[in-house]
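> Provide a 3D model corresponding to the input given below.
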Amino acid sequence: MPNQPNFISTILNFAELGLKVIDKRQGRDAHGAIIDTEIAQTDLTMVGTIFRKVPVFVAEFPSTA
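Have a look, this model is predicted:
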């Protein structure tokens, strides 16, 4: 997995994670390759604090990444 902690590889299936795709975006990486990104939302609990609707970006990175 690339050094992008805010991205989850599409190897992880959304259904396995219990996530529903809410949007899709397309952009370019630092090498100019086009990346299609799916966006989901989830709730996270950290140290007793609940964060609702946290965006999760899932992308398939090209071999140039």
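> low-scoring pLDDT stretches of the chain, where are they?
Applying pLDDT under 70 to the chain picks out residues 1-13, 15, 60-65.
> Okay, helices next: where are they in it?
14-17 (DSSP state H).
> what's the single longest strand in the chain?
Ranked by number of residues, the top strand in the chain under DSSP state E is strand 34-46.
> Mind listing residues that contact it?
Counting by C-beta atoms under 8 Å, 6 or more residues apart in numbering, strand 34-46 makes contact with 7, 10, 14, 17-29, 50-62, 65, all of which sit outside it. Every C-beta, even on glycine, is put in place using the N, C-alpha and C of the backbone.
> would you put the C-alpha positions of it in PDB?
Provided in PDB are the C-alpha atoms of strand 34-46 (Å, rounded to 0.1, in the frame of the first residue of the first chain):
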ATOM      1  CA  ILE A  34      -5.600   9.100 -13.300                       C
ATOM      2  CA  ILE A  35      -7.000   7.700 -10.100                       C
ATOM      3  CA  ASP A  36     -10.700   6.800  -9.600                       C
ATOM      4  CA  THR A  37     -11.700   7.200  -5.900                       C
ATOM      5  CA  GLU A  38     -14.800   6.000  -4.200                       C
ATOM      6  CA  ILE A  39     -15.900   7.800  -1.000                       C
ATOM      7  CA  ALA A  40     -17.800   6.200   1.900                       C
ATOM      8  CA  GLN A  41     -18.700   7.400   5.400                       C
ATOM      9  CA  THR A  42     -18.300   5.600   8.700                       C
ATOM     10  CA  ASP A  43     -18.500   6.400  12.400                       C
ATOM     11  CA  LEU A  44     -15.300   6.100  14.400                       C
ATOM     12  CA  THR A  45     -14.900   5.900  18.200                       C
ATOM     13  CA  MET A  46     -11.600   7.000  19.700                       C
END
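> Appreciated, that's everything.
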